[in-house]
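Engineer: I'd like to go over a predicted model; first the sequence, then the structure.
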Amino acid sequence: MAGNAVEKRAGSEVNYSNGVDPHDEPSAEWGWHGGFPKATQGAGWFTVFALLIMLIGNHENNTENVWLVGTAIAVAIGLIYDLRRRRTAWRRS
């Protein structure tokens, strides 16, 4: 009867620091294990827009507004930093 354990292939060597064997996951060889930079930027700017839209409404005091604007500015600064870092990444290699 077959077990549920995955056996390691004889003779296969793991040359990657994350322990992914390219025989088991061929996409690891050409770098598929990455992120989605355009989707990250889009979701981030949508978040900034949503935070600023939340300023419209029934507020008791300005503390809520300060937190909304401050969070939106922090996210926008992070997005701009990420955009600049990605544009100049080719210079560092």
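Structural biologist: Received, thanks.

Engineer: how about the secondary structure of Asn61?
Structural biologist: In three-state terms, and counting by DSSP: H, G, I helix; E, B strand; the rest coil, Asn61 is coil.

Engineer: what's the separation between it and Gly70?
Structural biologist: 15 Å (CB to CB, to the nearest Å). No exception for glycine: its C-beta is placed from N, CA and C like everyone else's.

Engineer: compare those two and say which is more crowded by neighbours.
Structural biologist: With neighbours defined as other CB atoms under 10 Å, Asn61 and Gly70 compare such that Gly70 has more, 11 against 7.

Engineer: pull the residues that contact the helix or strand encompassing the more buried one.
Structural biologist: Taking DSSP states H and E as the criterion, Gly70 maps to helix 63-87. Applying CB atoms under 8 Å, 6 or more residues apart in numbering, the contact partners of helix 63-87 are 37, 40-41, 44-45, 47-48, 51-52, 54-55, 59.

Engineer: mind doing that once more with 6 Å?
Structural biologist: Helix 63-87 has contacts (CB atoms under 6 Å, 6 or more residues apart in numbering) with 44, 47-48, 51-52, 54-55.
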